[in-house]
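J.: Quick one: sequence and predicted model below, then my questions.
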There are 2 protein chains.
Amino acid sequence: MKTALNLETIYSPIQDELPQAEEKILDILATTNDLSSDVIRYFFKAKGKFLRPALCLFGASFGGKVDSRAVQMAAALEIFHSATLIHDDIIDSSYLRRNMPTINAAWNSQVAVLVGDFLHDKAIGAVFALNHPKAIASFLETAGIVCDGEILELSEKGNFDLTEQKYLTIIEKKTASLLACCLETGGFLAGLADEQAAALKRYGILFGNAFQIIDDCLDFAGEENEFGKTLGSDLAQGVLTLPLIRLISLSDTKLKEDVINLLKDEKRPGRLGQLLAYLNQYETLDYAYQRAKELTDLARAELSIFKEHPAKKSLNLLLDYILERNR
Amino acid sequence: MKTALNLETIYSPIQDELPQAEEKILDILATTNDLSSDVIRYFFKAKGKFLRPALCLFGASFGGKVDSRAVQMAAALEIFHSATLIHDDIIDSSYLRRNMPTINAAWNSQVAVLVGDFLHDKAIGAVFALNHPKAIASFLETAGIVCDGEILELSEKGNFDLTEQKYLTIIEKKTASLLACCLETGGFLAGLADEQAAALKRYGILFGNAFQIIDDCLDFAGEENEFGKTLGSDLAQGVLTLPLIRLISLSDTKLKEDVINLLKDEKRPGRLGQLLAYLNQYETLDYAYQRAKELTDLARAELSIFKEHPAKKSLNLLLDYILERNR
């Protein structure tokens, strides 16, 4: 009997430290400002996957010690990620996240701008307080890259000639770079050798790119009766992702025109169903999945520098998990 | 014959370094991202008062050397300030700044959120690169305070019982703390003694509070025929400032009710003129001006720790300048 892969199992080697990171988040964000305090409590009530703290703690655990500094770094990384989510929800005018109204919906976008800034500042302050130059430098560089990736994505909205290469650049910057930073800084804090930290960083980039490709595929894979809600939220934003980029690149002129007209004409009845039919006909969701699979194979190879270790096992399982996940 | 006070004269002791700081800003913000690059060029084309870089350079010049590190700090502080302005314009839905359409108007609020984040990250990166722990700590702490002040202001919008004390807390956090940080970090980088840097910081707080009080008064002091445009932009946002806070605190119950009804009823014809008449009748603009004057006297006293010095002369003139300025 095959046991379904779940995050709880994968996270078991760091099960003691993860709740500490969760507590530390609220510690770092403690404030006497009532409004901030309400918004922060609200936002962190809905649990995410906690992927970034987990990766940081795994990175540290290769060094044999997951101490309070690694826990603080893990917390800071989740706070930073939360700040980007809060600002993303303004940018995308999203009204739901983790099944709860977003901050811009529950309060307004003014509050979301400022609370995002507040989290951003607090995350940087917490990293700086660790007084570890390599971890600080990695974090600050990554913050710049993430933001640059988001601006790039925004500037490519509505570009139907977006290449696969540029798409990969965008997802590497906006998603994979932070996941890589989590692993690398965790490793730095635990005193890993440079080549080990570098391998973790490369794993993080490959894992992150695969993660985002699958995430983008899932945007097309809602239940039939939920299509209207779940299918194509990137599409609604004019953001092209790998399955569509591939479809456009494969199509002959006539079909390409047809697809682009479908993409442009948001009101066309049956538009989403028609696009999905094309994606299936040209097997571009399979293509994207295959690309993600290749990336996970490369990621797995990066871990060969480590000998058997619970964290290594978990990072390998995580690669299987993202390929299997359906939400 | 009295020479009118102007910033050019006041800035003359740092006239060589200020343009360096201006160049450094574009250096720090250099990016291969076309959209970011366009927005940044656009934003910095309109010159502001450049008060924050100037204060940082004055702080450094007390130490006898204004080197490239002080120039970089000055640039980073202006970039940080610009990031807050860009986000403020989203928050206030402002469409004009320095006589040019804001970024949210010329592009959209998505771009403004992300470019603000980008500037914020770059400012922090530039400060961090100076590798001066006291300057970094001061800057990061201040970034948190500024944001906290803005959230506080937002949460007090529409509160007609706002006290003068709370108003002062808000302006100290959102405005004065950064001006103080400019002077203090400039002093740190030039190796000033702790008590001198502390005096500069206290000067900065007092100066900054006076500056903001006058700025808030000017919100009521547009030309008669421009009232519709320039008068009461704080008012339109539901932000109460000192002249109105004082008016409400002085009024008897009947008048207080009248004023609050005027404040609430945005569509009432002649509303602004009526409020202005009350402000004049109760001399609360004079009251606010007087409070600012007292703060500048205290600020002046803080400079007694320094012997005669061109920067000291300029900081004293700056106190006169803000009391005299009319825009």
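T.: Cool, the structure landed. This structure is a prediction, so every number in the text was calculated from the model and none was measured. Residues are numbered from 1 along each chain as shown, chains lettered A, B, ... in the order given.
J.: which regions of chain A lie under the pLDDT threshold?
T.: Filtered on pLDDT under 70, chain A yields the residue ranges A:1-4, A:222-232, A:326-327.
J.: So which residues of it form strands?
T.: Assigned by DSSP state E, chain A shows strands spanning A:96-97, A:100-101.
J.: And for the first one, what's in contact with it?
T.: With contact meaning C-beta atoms under 8 Å, 6 or more residues apart in numbering or on different chains, strand A:96-97 is reached by A:46, A:85, A:89, A:102, A:105. Where C-beta positions appear, they are placed from N, C-alpha and C, glycine not excepted.
J.: number of nearby residues for the second one?
T.: When you say that, I think you mean A:Leu85. A:Leu85 sits with 18 neighbouring residues when counted by other C-beta atoms under 10 Å in any protein chain shown.
J.: In space, what's closest to it - neighbours in sequence excluded?
T.: A:Arg97 (6.8 Å; C-beta to C-beta, 6 or more residues apart in numbering or on different chains).
J.: List the contacts of the residue nearest to A:Phe211 when sequence neighbours are not counted.
T.: Computed as C-beta to C-beta, 6+ apart, the closest residue to A:Phe211 that is not its neighbour in sequence is A:Ile322, at 5.0 Å. Applying C-beta under 8 Å, 6+ apart, one finds that A:Ile322 lies in contact with A:207, A:210-211, A:214, A:292, A:296.
J.: Distance-wise, check A:Ile322 relative to A:Gly187.
T.: The gap separating A:Ile322 from A:Gly187 is 21 Å, by C-beta to C-beta, to the nearest Å.
J.: Just name the closest of the contacts of A:Ile322 to chain B, please.
T.: The closest of those to chain B turns out to be A:Phe211 (C-beta to the nearest C-beta; 21.7 Å).
J.: give the contact list for A:Ala21.
T.: A:Ala21 neighbours (C-beta under 8 Å, 6+ apart): A:50, A:53, A:57, A:71, A:74-75, A:78.
J.: Narrow the residues you listed to those in helices?
T.: Among these, the subset assigned to helices under DSSP state H consists of A:53, A:57, A:71, A:74-75, A:78.
J.: now, which of these sits nearest A:Asp252?
T.: For these, the residue nearest A:Asp252 by C-beta to C-beta is A:Glu78; the value is 46.4 Å.
J.: Count the neighbours of the closest residue to that closest one other than its chain neighbours for me.
T.: Sequence neighbours aside, A:Pro53 is the residue nearest to A:Glu78 in space, at 4.9 Å (criterion: C-beta to C-beta, 6+ apart). Using other C-beta under 10 Å, A:Pro53 is surrounded by 31 other residues.
J.: Run a quick check on A:Pro53 versus A:Gln72, I expect a contact.
T.: No. Using C-beta atoms under 8 Å, A:Pro53 makes no contact with A:Gln72, being 10.4 Å away.
J.: How much space separates A:Leu276 from B:Asp297?
T.: From A:Leu276 to B:Asp297 the distance is 72 Å (C-beta to C-beta).
J.: Which residue of those two possesses the greater neighbour count?
T.: More crowded of A:Leu276 and B:Asp297, by other C-beta under 10 Å: A:Leu276, with 17 against 12.
J.: Distance check, the residue nearest to that one when sequence neighbours are not counted against chain B.
T.: Among residues not flanking A:Leu276 along the chain, A:Phe220 sits closest, at 6.4 Å (C-beta to C-beta, 6+ apart). Distance from A:Phe220 to chain B, counting by C-beta to the nearest C-beta, to the nearest Å: 23 Å.
J.: Is it correct that A:Phe220 is in contact with A:Ala277?
T.: No. Counting by C-beta under 8 Å, A:Phe220 stays clear of A:Ala277, with 11.5 Å between them.
J.: Which two of the contacts of A:Ala21 have the greatest separation?
T.: A:Phe50 and A:Val71 (12.7 Å).
J.: Measure how buried A:Ile214 is and give me the count.
T.: Residues near A:Ile214, counting by other C-beta under 10 Å, number 23.
J.: just to revisit the earlier point, identify, from the contacts of A:Ala21, the entry nearest to chain B.
T.: Using C-beta to the nearest C-beta, these come closest to chain B at A:Ala75, 16.0 Å.
J.: tell me the contacts of the closest residue to that closest one other than its chain neighbours?
T.: Nearest residue to A:Ala75, sequence neighbours excluded (C-beta to C-beta, 6+ apart): A:Lys24, at 3.8 Å. Contact partners of A:Lys24, counting by C-beta under 8 Å, 6+ apart, are A:71-72, A:74-75.
J.: thinking again about what came up before, now distance to A:Asp286 too, for the strands of chain A, in a markdown table please.
T.: Formatted as a markdown table, those follow (distance: least, C-beta to C-beta, whole Å):
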| stretch | distance to A:Asp286 |
| --- | --- |
| strand A:96-97 | 29 |
| strand A:100-101 | 34 |
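J.: Between the ones you listed, which one is closest to B:Ala311.
T.: Going by C-beta to C-beta, the one of these nearest B:Ala311 is strand A:96-97, 50.0 Å.
J.: Quick check: buried residues in stretch A:19-32?
T.: A:20-22, A:24-25, A:28-29 (16 or more other C-beta atoms under 10 Å in any protein chain shown).
J.: next one: stretch A:190-202
T.: A:190, A:192, A:196-197, A:199-202.
J.: Just put these in CSV and tack on distance to chain B.
T.: Below are these laid out as CSV (distance: C-beta to the nearest C-beta, whole Å):
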residue, distance to chain B
A:Ala190, 22
A:Leu192, 23
A:Gln196, 25
A:Ala197, 20
A:Ala199, 26
A:Leu200, 23
A:Lys201, 19
A:Arg202, 23
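J.: Going by neighbour count, list what's buried in stretch A:137-148.
T.: Using 16+ other C-beta under 10 Å as the test for burial, stretch A:137-148 gives A:138-140, A:142-148.
J.: so can I have JSON lines of these showing distance to B:Asp117?
T.: Below are these laid out as JSON lines (distance: C-beta to C-beta, whole Å):
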{"residue": "A:Ser138", "distance to B:Asp117": "18"}
{"residue": "A:Phe139", "distance to B:Asp117": "15"}
{"residue": "A:Leu140", "distance to B:Asp117": "13"}
{"residue": "A:Thr142", "distance to B:Asp117": "13"}
{"residue": "A:Ala143", "distance to B:Asp117": "9"}
{"residue": "A:Gly144", "distance to B:Asp117": "10"}
{"residue": "A:Ile145", "distance to B:Asp117": "12"}
{"residue": "A:Val146", "distance to B:Asp117": "9"}
{"residue": "A:Cys147", "distance to B:Asp117": "5"}
{"residue": "A:Asp148", "distance to B:Asp117": "10"}
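J.: mind listing which of these are in helices?
T.: Per DSSP H, the subset of the buried residues of stretch A:137-148 in helices is A:138-140, A:142-148.
J.: and chain B, which of the residues you listed reach it?
T.: Checking these against chain B by C-beta under 8 Å from any C-beta of the partner chain, the ones in range are A:140, A:143-144, A:147-148.
J.: Now the two most distant members of the buried residues of stretch A:190-202.
T.: That would be A:Ala190 and A:Arg202, which, of these, are the farthest apart (C-beta to C-beta) at 17.7 Å.
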